[in-house]
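Undergrad: Curious how this folds, go ahead:
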Amino acid sequence: MKTAIVTGGGSGIGLAITEKFVNAGIRTIIIGRDVEKLNKAKESFGELCIPVAGDLSDLSSIPGMVEKIVQEYGTIDTLVNNAGINMKKEFLEVTDEDFQKILLTNVTAIFVLSREVVKHMVGNSSGSIVNISSMASQYGIPKVIAYTASKSAIEGMTRAMAVELSPKGIRINCIAPGFIATAMSAKALDSDPERKGKALGRTPMGVLGAPADIGDAALFLASDAAKYITGVVLPVDGGNSIGF
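TA: Next comes the predicted model:
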């Protein structure tokens, strides 16, 4: 049986990815801070869904967490780096602490978790990592400077990791979701009709995506169907990144 880790697997896009993985018979370990959400996912998806409570911004806890997972469940075949935080603030109002907080969770924690998981993947000469970026790395979006910096970093890291790790049998890819209907995006878009209109106006398909659309892409990239694909950033966005 294949084993995957999905960070932020208790809600939104992470939950949708978890559902697709579990339905494909993949044992899926979901890491998150909200124990209630994790347990709810476990109730929905059954025994293949394994909740692990943890705060990835506490970097020193990550090696021990990975070690424990490997001891208990063996090989990790896939890591999906989905967990991330956003902050909407005017450029001039973003403090040093604000900026560092976003980078810590969205970049540094992903690096540390990936490094610890790859230590185990290397021994098997196989594995797949799927990172989640954003439209914010494809073009400029106002009031999300730290988030944009973090998601651009993830795409650069995807390419650097792919070049270094693919010769060792480990594929690294990235998904850049467009505007997806989740609780987090609904809050942002519904409170800002102008932004919502702009988002849909430049999406050729004219609708918001569903979390399941990202789940399908993640499952594909993690599977043998994508065995010759590495280092790509795949927009799943209804054409938003090429829209006018």
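Undergrad: Wait, Ala183 touches Ile13, no?
TA: No. Look at Ala183 against Ile13 with CB atoms under 8 Å: they stay out of range, at 10.6 Å. From N, CA and C alone the C-beta is placed, and that goes for glycine too.
Undergrad: quick one, which of these two is more surrounded?
TA: Ile13 (28 against 10; other CB atoms under 10 Å).
Undergrad: Show me which helix or strand of this structure is least confident by mean pLDDT.
TA: Every helix and strand of the chain was ranked by mean pLDDT, DSSP states H and E. The lowest is helix 183-190, at a mean of 78.
Undergrad: so what does that one touch, helix or strand wise?
TA: helix 193-201 (3 or more CB pairs under 8 Å, 6 or more residues apart in numbering; DSSP states H and E).
Undergrad: what comes up buried for the helix or strand following the helix it packs on?
TA: Next helix or strand after helix 193-201 toward the C-terminus (DSSP states H and E): helix 211-222. For helix 211-222, the neighbour count (16 or more other CB atoms under 10 Å) marks Pro211, Asp213, Ile214, Gly215, Ala217, Ala218, Leu219, Phe220, Leu221, Ala222 as buried.
Undergrad: Run through the residues that contact the first one.
TA: Spelled out, it's Pro211. Gly12, Ile13, Leu15, Ala16, Ile180, Ala181, Thr182 (CB atoms under 8 Å, 6 or more residues apart in numbering).
Undergrad: Most neighbours among the residues you listed, please name it.
TA: The most crowded member of the contacts of Pro211 is Ile13, carrying 28 neighbours; neighbours defined as other CB under 10 Å.
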